[in-house]
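Visitor: What follows is a predicted protein model with its sequence.
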Amino acid sequence: MKMENYPEYIDAYFNRALGPEEIKQFEQRIIEDKDFAEHVAFYLSAKQALKEEIIAEKKKWFRELVEQNSPPSKVRQIAPVRKLWIYAAAAAVIVCIFFVGYILFVKPVSPSQMAKQYIEKNFQTLPVTMSTEKDSIQDGLSLYNENKLDSSLKLFESIIQRDTENTLAKKYAGIVYLRIGNYDKALGYFRQLEKYTLVSNPALFYQALTLLKRNQHGDKQQARQLLKQVDENELEEKQTARQWLKKL
């Protein structure tokens, strides 16, 4: 977006003329682009300053009308607003702080965004331990942590072919599919984990996570039911499930 196009772009946002994806991009840009955030702040402060100045001029015009007892046609036209940029610049920093703060801390986060944040926080890397076994889970995790997702997935699935009851391979294969955006495959593996009695079984939570990230029709409702089960049965990630239920 060129600087000369900023006013139209910003005005379109505040007049609700942008689409959902454009709104998301606009708000993300405010957070990441300091220069753009300053333009938005100036726009808002200028708009407010203009409004206040016009109101002040109208009040002055009305007082003169009353004092002179003159018909409106003989009273001078409202003077143009002067030095508007001074008022706008003075308020820009404060407006910027409040606006960015609103987007970061007040505006509700979408279910898909909640899932995305969880994935970015918890699935960027996975813990690896030493192993002497050839083509082991640990080799797959090492590949995963090197961001070689396709290679790690092939290894996890080759382990599953040899050992159809390998729950760790299924769990990690599901996570890889979640990372690369193949949500149906991810759900398939996480649903397979449900039948196992494990000390730590994140199957239900991971299903809810995948549904929220996929965000198709009915996914949110299914995810809510799964999160309720996680919370009520005190399963893995129950605290996260409880927090998300308050927002869904």
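Guide: On my side now, so go ahead. Treat the numbers as computed from the prediction; the structure is a model and nothing was measured.

Visitor: Can you list the residue ranges for helices in the protein?
Guide: 6-14, 20-32, 34-68, 84-101, 111-122, 137-145, 149-162, 167-180, 183-193, 203-214, 219-232, 238-247 (DSSP state H).

Visitor: worst average pLDDT in those helices?
Guide: Mean pLDDT is lowest for helix 84-101 among the helices of the chain, at a mean of 55.

Visitor: and the protein, what are its domains?
Guide: Per automatic domain parsing, the structural domains of the chain span 3-105, 115-247.

Visitor: Tell me the buried residues in stretch 165-179?
Guide: 166-179 (16 or more other Cβ atoms under 10 Å). Quick note: C-beta positions are derived from backbone N, CA and C, even for glycine.

Visitor: Rebuild those residues as a markdown table, extending it with distance to residue 125.
Guide: Listed next are the buried residues of stretch 165-179 as a markdown table, based on distance: Cβ to Cβ, whole Å:
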| residue | distance to residue 125 |
| --- | --- |
| 166 | 21 |
| 167 | 20 |
| 168 | 16 |
| 169 | 18 |
| 170 | 19 |
| 171 | 15 |
| 172 | 12 |
| 173 | 17 |
| 174 | 17 |
| 175 | 11 |
| 176 | 13 |
| 177 | 17 |
| 178 | 15 |
| 179 | 11 |
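
Visitor: So for residue 171, what's the nearest residue that isn't a sequence neighbour?
Guide: Leaving aside its chain neighbours, residue 171 sits nearest to residue 193 (6.2 Å; criterion: Cβ to Cβ, 6 or more residues apart in numbering).

Visitor: ignore the last one, residue 213
Guide: Nearest non-adjacent residue to residue 213, counting by Cβ to Cβ, 6+ apart: residue 115, 3.8 Å away.

Visitor: Next up, the contacts around that neighbour.
Guide: 209, 210, 212, 213 (Cβ atoms under 8 Å, 6 or more residues apart in numbering).

Visitor: Swap in 7 Å and give it another go.
Guide: Residues in contact with residue 115 (Cβ atoms under 7 Å, 6 or more residues apart in numbering) are 209, 212, 213.

Visitor: I'd say the last one and residue 116 touch.
Guide: Yes - using Cβ atoms under 7 Å, residue 213 and residue 116 qualify as a contacting pair, with a distance of 6.5 Å.
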